[in-house]
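Enquirer: sharing a sequence plus its predicted fold:
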Amino acid sequence: MDLKNKKLTMAEFMKTREEVLNTWHTGAQVADLDKMIEYAKTVPSEKNFALKLQKAKESRTVLTQPRAGVALVEQQIKLLNYLDEKGEADLLPTTIDSYTRQNRYENCELGIKESLRLERSMLNGFPIVNHGILGGRKLQESLNKPIQARHGTPDARLMSEILHASGWTSNEGGAISYNIPYSKDVPLDKTIRDWQYVDRLAAIYEENGVPTNREPFGPLTGTLVPPSMSNAVAIIEALLAAEQGVKHITVGYGQCGNQIQDISAIKALEKQTDQYLKQFGHNDCVVTTVFHQWMGGFPKDESKAYGAIANASVTAALAKVTKVIVKTPHEAFGIPTMEANASGLKCTKMVLQLMADQRAFMSNKLKEQIDVIKEETTCILDAVIEVGKGDLAKGVVEAFKRGILDIPFAPSRHTANKILPARDSYGAVRYLDIGNVPLSKELKKYNKYMLEKRGINQNRAVDFQMTVDDIFAVSEGQLVGKPSI
Amino acid sequence: MDLKNKKLTMAEFMKTREEVLNTWHTGAQVADLDKMIEYAKTVPSEKNFALKLQKAKESRTVLTQPRAGVALVEQQIKLLNYLDEKGEADLLPTTIDSYTRQNRYENCELGIKESLRLERSMLNGFPIVNHGILGGRKLQESLNKPIQARHGTPDARLMSEILHASGWTSNEGGAISYNIPYSKDVPLDKTIRDWQYVDRLAAIYEENGVPTNREPFGPLTGTLVPPSMSNAVAIIEALLAAEQGVKHITVGYGQCGNQIQDISAIKALEKQTDQYLKQFGHNDCVVTTVFHQWMGGFPKDESKAYGAIANASVTAALAKVTKVIVKTPHEAFGIPTMEANASGLKCTKMVLQLMADQRAFMSNKLKEQIDVIKEETTCILDAVIEVGKGDLAKGVVEAFKRGILDIPFAPSRHTANKILPARDSYGAVRYLDIGNVPLSKELKKYNKYMLEKRGINQNRAVDFQMTVDDIFAVSEGQLVGKPSI
Amino acid sequence: MDKKTVVIGVIGSDVHAVGNKIIDYALSNGGFNVVNIGVLSSQEDFINAAVETNADAILVSSLYGHGEIDCQGLREKCDEAGLKDILLYIGGNIVVGKQEFKDVEERFKKLGFDRVYPPGEKIEKGIEDLKKDLEI
Amino acid sequence: MDKKTVVIGVIGSDVHAVGNKIIDYALSNGGFNVVNIGVLSSQEDFINAAVETNADAILVSSLYGHGEIDCQGLREKCDEAGLKDILLYIGGNIVVGKQEFKDVEERFKKLGFDRVYPPGEKIEKGIEDLKKDLEI
Ligand code: B12
Ligand code: B12
C-alpha cells in the first residue's frame, strides 16, 4: 500500500486493528470498539484532558504536569494521587516503561514480577499493555484529574487502544518524534503508518463524543535541537494528526535556555501551526501548547536543579503556554521519588502563580527572533512538501533521507545525522553545521554570523568542541559552554 | 547646631567621635584613626567590597550575597566560609544582631554568654561592638571574600568605627532606611546627623586609600513599598552620602513582583541616581545596584520558596543589577541553617548563570513603566528639596512631617503613615491611598485607574482589604491577592 | 455584652510591624477592645498597659528570633503586678531558626504562656482560641 | 604500541544516545580503537562485538533505569564466550531513582563488573581507569 497523508478508511483501520489486537493477549479485551467508546463517555468532563486544556487556553492559565510511572497499578494510583494532592499537579501523566515502548511485553511480565517480589519498581514506567483495561481503567477511575499516556513508542497502536479504552483522553507521540529519538532502526514509513492508526483511533473517539487530545513530542532528543527543526517536526505531526481527524492537538517545545529564543519559538509554533492547519484545510482544530522544562543534562545539586526548574517556569509563564512538563530536583540521578516529583511541581506552580498575570511584551529583539524561527521553519516545511511532491507523508520520508529534516544526537539511523547545533553568545541555539537543511542564504549567513561572534568572544574555533561544551554546560551550571583551559 | 546637608568638618567629626567611642568599652580600641586606616589598607584588594562591585558593574556580572550572622566569632567564621565554599557566594555579609541595633550592648553580653552555654546562637546576628576589633579583624582575616555589615541600626556610629577598623569595606544603611523601618521613635534629624557621621567616616577611609562602599537599604519595610517611594529614599541617601565624600554607593531595591515594574524600577533608579548626583555636583561616584529577592512574607513550603527565590533571580539577571541579596528556603520559619542558606545561594547562582548572557530588551510597556517611576520619583524629590528650601537634610525632616515622604507599614511614628499601597491587576504596586505624596494630577489618576481596573476584574471595592490580601498573597502562593469568598 | 480588652505588641528589640498592624485590624474587626503598644515593647510596657486597661489577655508577638530571651520572667512579673492568671499568648517566629514546633511550644509553655503559635499562624486562629478561653 | 580496543554501547531497551556519542568521541581522541555498537544493544551484541574485535574491555552504558535487569548474567555469558576476565565497566544512571551509590556499586560488582560509575561521571575518569587497568 502506498504511503500517503490521507485519512484511513474505516475498512483499512479495522483490518489493521485485528492484527494489532493479536500482538498481546490483553488486546482481546478491547475488541469491541463501540463498548470501549461507551465506557470512555462515562469519564466526567472535568477529567477530560482535551477539555481542560481548551479551557486553560481560553483563560490563559498555564497548567502543570509531571512525568511519573511505576510498574504496579496500586503504586501508580498512590503516586498520581500524591502528585495531585501534594504536588498540586493540574494534569496527570502516566509514563510507560521502556520495554513496553519496544513492544517487549514478556520483559514487562518479568519486571512486574520482580517489582512485586522486591517491593520496589523495577520498571521505569507503567506497563499499560500488560495491565490491560482492568489496570488502565482502575487507575483512571481512582484519579480526580485528567490523565495522559507519555512514552516514546515507535509502534504505540496496541498501547493506544488500551489507554483510550481505559478512559485516558490524551496520548503523546508521533511518527517522527517517537521514532528518531527513541529507536535505532525503525523505518519512518512504518512509524508514519502506525501513527496514522493511533491518530485515527483518537479521532474515532473524538467523532463519537469523547474529546481526545494528541500531543506530538516537541523536544525530540532534548539536546540542543534548533527551534526551527523541532517546530517543523511538531507542525508536520499536527498536520498528520489533523488529516486523520484529530481535533485537539498540543504542539510542544523543549526549552533551549535563551529566554527570548524560547518565547519566540513558542509564539512562532503557535502561529505557524494554526496557519499550516488552515492551509491544509483543517479549520476546526483546537491547538494548545506545551513547554518542556530543560530536557538536557541536569545539574546534580538539588538547589541548582530548582533554579533550572524555576527559570524554565518563568519562560513558560511569560510565553503563556497552555501547560508545562515539569522536571524534578532528582533529574540528574534517576526516576524521582514522589516527594521530589511533588517538589518540582510546587516550585513550578509557585512561579507560574507569581507570574500568572504577567506576560512577555514585544521588543525589537523578540520580533526579530520570531521572524528568524518562522522563516527557518518555512524553509524546512516548504522543502518537505516539495520533495513529497505535495504529499506530506511521502515528503517526511524523503526529507529525512536527504537531510532536510535532521535531528541531532538521535540514536536512529534514519536521520542524516549531519547537522550540528551550538549556542551563540547569548545562549540561543543555532545551526553550527547546517548539513542539508535547506535554509535560505540569509538564514545560513545569520546562523554562521551569530556563532562566529561567539567564537570571537570566547576566542576559540567554531567547531564540534563548542557543541560538546554546550552539552555539558547546563549540568555544570552554565548556559553557554566555556572552553576548558 | 543647625541640621544641614553639608560635609562635616574634621573638627566636628573628631569632636563627635570622642563621645561615640565612649559609649562602650570597645570604642577605645579604635581611638587612633590613622592606625585603623593603616590596618584597613593591608586588606588585599580582591577582598575590597567596593572594588569587587565596581569590577562586576564593568563586566555586567551579577554577584550573589547572603544574609548571615551568629553570636560568636568562631561560628561566624565557619558560617561565612561555608557560604563562600559551598554556597558559592560572591560577597559575604555579616548581619548584626537586634540588640546591637538598638545599642543595647549589655543585652549582647548576655546573648553571647547564653550562646556559649547552650552551644547555639541565642542572638539573631553578630554583636560586632561587643566583639570589638579583635573579633572583627579575626573574622575578616579568616575569609577569602569581601565582607559587609548589614544591620538596621538607627545609630550605627560606634559599630561603623569598629567595622571599618576591622577592615570591612562596606556598610549598609542610611538615615531614613535604617530609621523608619527599624525604630519607633528616633527623630529623623538625629539619624541624619548620625549617618552623616557614618558616611563621613567611610569617606575618610576612602580619602586615605581604602575604597569603601556604602549601601542605602533599599527595601525599607519590605512590604508593598511603591517603587517611586523607595527609589526617592535611595537617591536621597546616596546624595547625603556623596556630600560627606562617599565615592562608592550601591543603591538598592526590593522586588515587588511584577517583572516589568521591577526591571523599570532598577533602570529608573540607576539613571536617576546618576543624574541627581551630577545635579548636586558629585561627578566621580561609582554607583552600583542591589536587588533584594522578595522581602515580604515568604511561603512556608520549601519548594515554593525556591520558586520565589529563582523567580526573583530571573528579574535580577534581566535587569543586570550588580548584586542580589539572597533569601533561603527557611525564610518563613527563621534564621536559616547554613545548609539552607547555601541552598538559596546556589539556586540563585544557577539562575544568574543560566541568564548571564541575557538581558531585558526595551518594549513599549517597559518604557512606559520606567517613565511612570521616574516621573513619580521626580515629583517626590522636587517636593523634598522645595520644603527644605534647597537643603536636602532639612527637606527630609520636613517632607516626613508633611507626608511627602511616607513609608507604609513602618513602626516609626515619624512617618505620616498615610499612604496605602496595593497591587494592580498585573501585580505592580500602586498607591491606593496617596496620602500627601505630591504626585502630579496625571500620575494620581494613573495610579487610581490601574487599581480600579483590578477592582473591576476582581469585582471588589478598592480598599484596605485589597492591601491586606496583597500582604498575604505571596506567602500563600499568589502575587495579586484574591478576595476571600 | 462588654467588649473584652486585649493588649497586643511586639516584644523586645523587635521592629516587625506588619503582623502587628494586621492583628490590630483583625481583633478590632473581631469585636475586641484592642490596646496596641506597638513594636519595641518591653515586658513592663505590656504589663503596664494590661494593668491600666484591666485587660483580659496579652498577645505577645515576637518575630525576630530573640523571643526566648525576651520573655523570660514575664509570667512572674504579671503575677507580681496582680495580673493573676491573665491569658498569655505568643506567636510569630518566636525562636531562632527552623525548629521542631513541639519542642518550642513546650519551652514557651514552661515560660508561662497559655498558647503558643507556630510561624505564620493566622490571627483568626488566635481569635478563635480567645473566644474559647474567654468564654465569649 | 598497539591501540587497545574497547567496545562501547547502551544496553537493553535504552535509547539515550548523547552520552554514547560523547564517549565515542572521547575514547577515540584518547587513543583507543573504539567499537561502538550504539543504543538498544543486547548482551549478545556486546559479546559478539568483543569476540569479533578481540576487545580488551567492554564499557556498558545504561541510563534509563533498567540496568540491573539488563545486566544479569552478562559476566557469565562473557566467560562462556571465551572472554575470560575481560574488563567490564558500567556507567550512566544505572538503577531506578536516586539511590545510595555505595549499595549500587556493590550490587553491580556482584554482577561481575570491574568498575561501576555514579550518575554523570566524566568519561575522562573512565579513561584514566582503563589506562590503569590495561597498564597503558
Ligand atoms: C536527554 C535525556 C533523554 C532524551 C534522550 C535522547 C536520546 N535519544 O539520547 C529523551 C527525551 C529521548 C529521553 C527519554 C527517556 N528518558 Co531520559 N534523560 C535525558 C537526560 C535529561 C540527559 C541525558 C543526557 O543526554 N545527558 C548528557 C550526557 C552527555 O551524559 P550521560 O548520558 O549521563 O553520559 C555521560 C556519563 O553518564 C558517563 N557515562 C555514561 N555511560 C558510561 C559508562 C562508563 C563505563 C563510564 C566510565 C562513564 C559513562 O559519560 C557520559 C559522557 O559524559 C537524563 C537526566 C540527566 N542526566 O540529566 C534523563 C534520564 C537518563 N532519562 C530517564 C528516563 C526514565 C527516560 C525515559 C524512560 C522516560 C522519559 N522520560 O520519557 C525515556 C527512555 C527511553 C528509552 N527507551 O531509553 C531517567 C533514567 C531514570 C533512572 N535511571 O532512574 C533520567 C535519569 C531522568 C530522570 N531522572 O528520570 N531522555
Ligand atoms: C518583612 C520582614 C522584615 C522587615 C520588617 C519591616 C517592619 N518594620 O515591619 C525588615 C526588612 C525591616 C526586617 C528586618 C529584620 N528581620 Co525580618 N522578616 C520579614 C519577613 C520577610 C516578613 C514578616 C512579615 O511582615 N510577615 C507578614 C505578616 C502579616 O506576618 P507575621 O509577621 O508572621 O505575623 C502574622 C502571624 O505570625 C501571626 N502572629 C504574629 N504574632 C502573633 C501572636 C499571636 C498570639 C497569634 C495568635 C498570632 C500571631 O499573625 C500575624 C498576622 O497574620 C519575615 C519572614 C517571613 N515571615 O517570611 C522576616 C523575619 C521575621 N525577619 C527576621 C530577621 C532575623 C530580621 C532581622 C533581625 C535581620 C534582617 N533580616 O535584617 C531584622 C530585625 C530587625 C529588628 N530589630 O527586629 C527573621 C527572624 C528569624 C527567626 N525568628 O529565627 C525572619 C523570620 C526571616 C528569616 N527567616 O531570617 N524583616
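Expert: Thanks, I have the structure now. The shown structure was predicted, so the numbers you read here are calculated from the model rather than taken from an experiment. Ligands and ions are numbered 1, 2, ... in the order given.

Enquirer: how about stretch A:364-376, which residues are buried there?
Expert: Within stretch A:364-376, the residues scored as buried using 16 or more other Cβ atoms under 10 Å in any protein chain shown are A:365-366, A:369-370, A:372-376. To be clear about C-beta, it is placed using only N, CA and C from the backbone, and glycine gets the same treatment.

Enquirer: likewise for stretch A:221-236?
Expert: A:221-236.

Enquirer: those residues in helices, which ones?
Expert: Per DSSP state H, helices hold the following members of the buried residues of stretch A:221-236: A:227-236.

Enquirer: among the residues you listed, which are in reach of chain D?
Expert: Among those, no residue lies close to chain D (Cβ under 8 Å from any Cβ of the partner chain).

Enquirer: residue contacts, residue A:475?
Expert: By Cβ atoms under 8 Å, 6 or more residues apart in numbering or on different chains, the contact list for residue A:475 reads A:296-300, A:332, D:120.

Enquirer: I'd assumed residue A:192 was in contact with residue A:397.
Expert: Yes - look at residue A:397 against residue A:192 with Cβ atoms under 8 Å: they come within range, at 7.2 Å.

Enquirer: shared neighbours, these two?
Expert: By Cβ under 8 Å, 6+ apart, the residues touching both residue A:397 and residue A:192 are residue A:3.

Enquirer: farthest-separated two in the contacts of residue A:475?
Expert: Farthest apart among those by Cβ to Cβ are A:296 and A:300. That separation is 13.6 Å.

Enquirer: quick one, which of these two is more surrounded?
Expert: residue A:296 (24 against 19; other Cβ atoms under 10 Å in any protein chain shown).

Enquirer: quick one: residue A:77 from ligand 2, how far?
Expert: Going from residue A:77 to ligand 2 by Cβ to the nearest ligand atom, to the nearest Å gives 36 Å.

Enquirer: which residues touch the closest residue to that residue other than its chain neighbours?
Expert: What sits nearest to residue A:77 in space, not counting adjacent residues and going by Cβ to Cβ, 6 or more residues apart in numbering or on different chains, is residue A:142, at 4.4 Å. Under the criterion of Cβ under 8 Å, 6+ apart, the neighbours of residue A:142 are A:77, A:80-81.

Enquirer: specify which member of the residues you listed is nearest to residue A:313.
Expert: Looking across these and measuring by Cβ to Cβ, the closest to residue A:313 is residue A:80, at 21.2 Å.

Enquirer: isn't there a helix covering that closest one?
Expert: Yes - per DSSP: H, G, I helix; E, B strand; the rest coil, residue A:80 lies within a helix segment.

Enquirer: show the backbone phi and psi for the residue nearest to it when sequence neighbours are not counted.
Expert: Spatially, and ignoring its direct neighbours in sequence, residue A:80 is nearest to residue A:92 (5.0 Å; Cβ to Cβ, 6+ apart). Geometry field for residue A:92 lists phi and psi as phi -110, psi 150, criterion degrees, to the nearest 10.

Enquirer: can you tell me which residues contact residue A:92?
Expert: Residue A:92 neighbours (Cβ under 8 Å, 6+ apart): A:65-66, A:68, A:80, A:83-84, A:143, A:145-148.

Enquirer: look at the residue of chain C found nearest chain D and give its secondary structure.
Expert: Closest residue of chain C to chain D, Cβ to the nearest Cβ: residue C:98 (23.5 Å). With three-state DSSP as the basis, residue C:98 sits in coil.
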